[in-house]
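Enquirer: here is my input; please provide its structure:
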Amino acid sequence: MSEPLVLLHPDADALVPAVAARFITSVVDAQSNGRVAQVVLTGGRVAARVYAAVADSPARSAIDWQRVEFWWGDERFLPDGDPERNETQARDALLSHVNVDPARVHPMAPDTGQGAEAAAAAYAKELTTEPVFDILMLGVGPDGHVASLFPGYPQLTVTDAAAVAVHDSPKPPPTRVSLTFPVLDRAREVWFVVSGDDKAEAVGKALAGGDVPAAHPKGQERTLWLLDQAAAQQLG
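Expert: Below is the predicted model:
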């Protein structure tokens, strides 16, 4: 696994276009040998801005969007189309603006009354091909959580399932579905995209190897912490 590399940007307005440009370049590189690029999306305010910046970039035409497979690292277990779902956010900001192959877009199941455990099992079944992800994007919560893996929760130690249900989340909504650490580690590059001084303590702990979930995911080739100065202010 790779050692973390920190790349600093003055503020969120500089971070967002830099991550968007990196995303486009990395997907093009992944496709250069004829492969289908495998991308894991995240949610949150910065991610939404990054997706919109990709959609707005003239360089997006360099990507063959039909040859990109999209996954999600976690999902808020809400009805289909709910604006709080990570899938809805990504579709509104990016996926509805590019010519993706619908068969290569893999959202986690919405709440249809079947329960989050069934949604997690269904997603794990989709992942039985064990794709190696080219880019896995993650945000970091103020408590150091990544995806929907929260400090002190039993899902942190799950190694025999690709996806798990999460109940009684410390942030709303209370029910979620998340990939587990063994799957998050199945990426060539892991990108932590973090902005804001409310994340600074968690970022500092994670990069110091502290006991927070964000300290754990590592890319097989690169682990990038793409930060603005506010999120980086507790780094040594």
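Enquirer: buried residues in the lengthiest helix in the chain, which are they?
Expert: Taking DSSP state H as the assignment, the helix of the chain that covers the most residues is helix 12-31. Taking 16 or more other CB atoms under 10 Å as the neighbour-count basis, helix 12-31 is seen to contain the buried residues 12, 15-20, 22-24, 26-27, 30-31. (Glycine included, C-beta is placed from N, CA and C.)
Enquirer: list the contacts of it.
Expert: Applying CB atoms under 8 Å, 6 or more residues apart in numbering, the contact partners of helix 12-31 are 7, 9, 37-39, 46, 49-50, 53-54, 57, 59-60, 62-64, 67-68, 134-135, 189, 191, 193, 195-196, 226-228.
Enquirer: and if you look at stretch 223-234?
Expert: By CB under 8 Å, 6+ apart, the list of residues contacting stretch 223-234 from outside reads 1-12, 14-15, 18-19, 22, 189-197, 199-201, 203-204, 207, 217.
Enquirer: next one: it to chain centre, how far?
Expert: Shown here is stretch 223-234, whose average C-alpha point lies 16 Å from the average C-alpha point of the whole chain (CA atoms, centre = their mean, to the nearest Å).
Enquirer: what's the ChimeraX syntax to select whichever of the contacts of stretch 223-234 are buried?
Expert: The ChimeraX command for the buried members of the contacts of stretch 223-234 (criterion: 16+ other CB under 10 Å) is given here:
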select :4,9,12,15,18,19,22,189,190,191,192,193,194,195,196,199,200,201,203,204,207,217
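Enquirer: sitting in helices, which of the contacts of stretch 223-234 do you find?
Expert: Filtering those for membership in helices, criterion DSSP H, returns 12, 14-15, 18-19, 22, 200-201, 203-204, 207.
Enquirer: picking up where we left off before, among the contacts of helix 12-31, name the ones in helices.
Expert: With helices defined by DSSP H, the entries of the contacts of helix 12-31 inside them are 46, 49-50, 53-54.
Enquirer: nearest to Pro170, of these?
Expert: Distance to Pro170, by CB to CB, is smallest for Val46 among these, at 20.0 Å.
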